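**Q** this one's sequence-less:
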């Protein structure tokens, strides 16, 4: 596994403001033999044009993170799959850390801790809660950069094609086969979602959605609620 190839899959939709910076930080991974796949869900801005020179493959799929990431996984050549949001900054040696974490085959998937770029006490609390929750439950969100062996990803049939909570559903499936490993080094995730609609309001919205999902509410209904709550 130390010599395994990682396929880094980045779903995009109108990410012209962030995609260049995200992909530039992945160039060292490419130099080490890993591949970067951008799966675009129909951007109407310059996302695709900006991504083309910085990725090994830029392809199109139907919109929706689950659909885009599954399409990227289907095109991937790597032994490991790493799903990374388009507005995320990675720590140094992230690919090496993934390979080291899965080197001995005891664990087959994992995720990173997260932090926000700003010094804000409320956002710091949000990050702490996200990190603590994932360690206690073994459930990761997309912000945490889930990585998984190709074999295990296929064994659980990949992402469920649902409009919301695809990351939670995948984590649930993966942990039935292998406990996750959580890397101590942190991804820096964008706070734009939290700031756009207010940090406290977004916290309450996300908690409500996750509770409803765990209680069995349909992801289709949750997606409708999310759109109404985020506007």
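**A** Everything's here; your move. Nothing here was measured: the structure is a model prediction, and the numbers come from that model. Residues are numbered from 1 along each chain as shown.
**Q** quick one, phi/psi of residue 181?
**A** Dihedral pair for residue 181: phi -110, psi 130, per degrees, to the nearest 10.
**Q** what's the spacing between it and residue 72?
**A** 22 Å (CB to CB, to the nearest Å). Placement of C-beta: from N, CA and C, glycine included.
**Q** more crowded one of these two?
**A** Between residue 181 and residue 72, counting by other CB atoms under 10 Å, residue 72 is the more crowded of the two (24 against 17).
**Q** quick one: low-confidence residue ranges for this protein.
**A** Applying pLDDT under 70 to the chain flags the ranges 1-2, 228-231.
**Q** the residue sitting nearest the centre point of it: what's it in contact with?
**A** Centroid check for the chain by CA atoms, centre = their mean gives residue 142 as the closest residue, at 3.2 Å. Remark: with contacts taken as CB atoms under 8 Å, 6 or more residues apart in numbering, residue 142 is in contact with 65, 83, 85, 166, 167.
**Q** secondary structure element for the last one, which one?
**A** This means residue 167. Under the criterion of DSSP states H and E, residue 167 resides in helix 166-175.
**Q** need the helices for the chain, in chain order.
**A** 19-24, 27-31, 47-51, 65-75, 94-101, 121-137, 150-155, 166-175, 192-196, 199-214, 219-229 (DSSP state H).
**Q** mark which of the contacts of residue 142 are buried, thanks.
**A** 65, 83, 85, 166, 167 (16 or more other CB atoms under 10 Å).
**Q** redo those as CSV? Include distance to residue 119.
**A** Shown next, in CSV, are these (distance: CB to CB, whole Å):
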residue, distance to residue 119
65, 29
83, 28
85, 22
166, 31
167, 27
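**Q** farthest-apart pair in the residues you listed, please.
**A** Spanning the widest gap among the buried ones among the contacts of residue 142 are 85 and 166, at 12.7 Å by CB to CB.
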